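Visitor: coordinates only, no sequence provided:
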């Protein structure tokens, strides 16, 4: 890293990102990057030694002088500087030059909120491979349509396999209707067939097949031998079909890396119940959201059938809901920080966003017991604390 990368006019940085108080988040991100650059330079003893001996006759406190303050740098040693103080010293070189953006640099509370928001954007991941992903449309939670990719070299073969499975599935459903089977098995077969017809989300299809297989095993003794064999064969066929998809392979691989027990089944069922209750309000979520979550809860209702794949399906689904809601909240927080939302809209939106974030925080808190057991959940605690602080700031 060169000295010239850091030695640039701060005035141009402010002019580019912070003009008229707008784009404060972008300015904060630029300043954060600057902190990292300065930290790297100051950790280099050679650089500090050179700077100690660099002559300068300039007085960096003048308003028109916005260059790197070498005179102050000559008095410090390597790895001993407080970066926050050093940044303030750099800002001071502008003296009155930041008069049009006092909120960011003079109000520590807003600066703290900007830094929090930057961290929230950084640590909250993208939604992950799961049976369900979510979106927010007109401030309402909806189930997002996703499509799993299949390698082009086997697409023709998998399409042929899907058509064959659809034909067999249709025949099986007709035979189940004519039999005296439990209605729950018929409903499970019909749901599996619907996901197979959709042909987009392979993880949801794979989970539906697990549920169908469990139902088939549960009622096997009540079925004629021929139909019982058809049920088993159809489930095996769907298993072979989903195995061709990279998304399912990745999901199964992740599931094999976690260890769960019956206590986890009870924990996840309780979390789902809480989130279902919070999303049954049509002002918060479309009916498909709680309906989908109820189906997942039914899959883990039997502790004997509880497995790592079912556990991961529930965990990733709840995590995806949290991710989408926290990202939605961060968009609103950014608007309040940059004051790009008027007071009336802010009051109304705060109520709406607050209700959505309450769902997200319920989901996040419910997942915390699973953090030590499941890779990739360690972002939740920090994100939850930031969201709570941001909401608290809005109340003040």
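Guide: In hand now; what should we look at? Just so it is clear, the model here is predicted, and its values are computed rather than measured.

Visitor: make it CA atoms for all contacts and neighbour counts henceforth
Guide: Noted.

Visitor: which residue ranges of the stretch 201-350 of the chain form helices?
Guide: 202-218, 225-242, 246-256, 262-279, 288-299, 308-338, 343-367 (DSSP state H, counting those that start in this stretch).

Visitor: columns distance to residue 128 and mean neighbour count on top of those, output as CSV?
Guide: What follows is the helices of the stretch 201-350 of the chain, written out as CSV (distance: least, Cα to Cα, whole Å; neighbours: other Cα atoms under 10 Å):
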stretch, distance to residue 128, mean neighbour count
helix 202-218, 11, 23
helix 225-242, 18, 17
helix 246-256, 9, 17
helix 262-279, 18, 18
helix 288-299, 17, 18
helix 308-338, 7, 22
helix 343-367, 15, 18
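
Visitor: pipe the ones you listed into TSV and attach distance to residue 138 and mean pLDDT per row.
Guide: What follows is these, written out as TSV (distance: least, Cα to Cα, whole Å; pLDDT from 0 to 100):
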stretch	distance to residue 138	mean pLDDT
helix 202-218	25	90
helix 225-242	34	92
helix 246-256	30	87
helix 262-279	15	92
helix 288-299	15	91
helix 308-338	11	90
helix 343-367	10	81
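
Visitor: between those, which one is nearest to residue 139?
Guide: helix 343-367 (7.1 Å; Cα to Cα).

Visitor: mark out where each domain of the protein begins and ends.
Guide: According to automatic domain parsing, the chain comprises the domains 3-106, 133-146+258-395, 152-244.

Visitor: where's the nearest residue to residue 214 once chain neighbours are set aside relative to residue 184, distance?
Guide: Nearest residue to residue 214 in three dimensions, chain neighbours excluded: residue 305, at 7.3 Å (Cα to Cα, 6 or more residues apart in numbering). Plainly put, residue 305 is 16 Å away from residue 184 if you go by Cα to Cα, to the nearest Å.

Visitor: then residue 170?
Guide: Relative to residue 184, and taking Cα to Cα, residue 170 is found at 17 Å.

Visitor: circling back to that earlier point, need the helices of the stretch 201-350 of the chain in CSV with distance to residue 156, can you?
Guide: CSV is the format used below for the helices of the stretch 201-350 of the chain (distance: least, Cα to Cα, whole Å):
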stretch, distance to residue 156
helix 202-218, 16
helix 225-242, 12
helix 246-256, 16
helix 262-279, 38
helix 288-299, 31
helix 308-338, 28
helix 343-367, 40
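
Visitor: do you know which of these lies nearest residue 163?
Guide: Among the helices of the stretch 201-350 of the chain, helix 225-242 comes nearest to residue 163, with 10.9 Å by Cα to Cα.

Visitor: what's that closest one in contact with?
Guide: Contacts of helix 225-242 with the rest of the structure, by Cα atoms under 8 Å, 6 or more residues apart in numbering, involve 158, 161-162, 165, 168-169, 172, 175-176, 202-203, 205-206, 209-210, 212-213, 216, 220, 248.

Visitor: make it 6 Å
Guide: Helix 225-242 is contacted by residues 213, 220 when judged by Cα atoms under 6 Å, 6 or more residues apart in numbering.

Visitor: now do the helix or strand residue 382 falls within against helix 343-367, angle only.
Guide: Using DSSP states H and E, residue 382 maps to helix 380-395. Angle of helix 380-395 versus helix 343-367, following axes from the mean of the first three to the mean of the last three Cα atoms, to 10 degrees, is 150 degrees.

Visitor: got the contact list for helix 380-395?
Guide: With Cα under 6 Å, 6+ apart as the test, helix 380-395 has contacts from residue 120.

Visitor: can you check stretch 274-284 too?
Guide: With Cα under 6 Å, 6+ apart as the criterion, stretch 274-284 contacts 140, 285, 290.

Visitor: which residues does the first one form a beta bridge with?
Guide: According to DSSP bridges, the partner residues bridging residue 140 are residue 137.

Visitor: just the second one next, same as before
Guide: Partner residues in beta bridges with residue 285: residue 141, with DSSP bridges as the criterion.

Visitor: count the residues that sit near it.
Guide: Residue 285: 21 surrounding residues under other Cα atoms under 10 Å.

Visitor: please begin residue numbering at 55 from this point
Guide: Taking 55 as the first residue, the last one we looked at is residue 339.

Visitor: so who does it touch?
Guide: Residues in contact with residue 339 (Cα under 6 Å, 6+ apart) are 194-195, 333.

Visitor: quick one: end-to-end distance for stretch 328-343.
Guide: 13 Å.

Visitor: again with stretch 268-280
Guide: 18 Å.

Visitor: next: stretch 226-246.
Guide: Span of stretch 226-246 from end to end, Cα to Cα: 11 Å.

Visitor: pLDDT (mean, whole number) over it?
Guide: The average pLDDT for stretch 226-246 rounds to 91.

Visitor: report the buried residues of it.
Guide: Of all the residues in stretch 226-246, those buried under the rule 16 or more other Cα atoms under 10 Å are 226-227, 230, 235-236, 239-240, 242-246.
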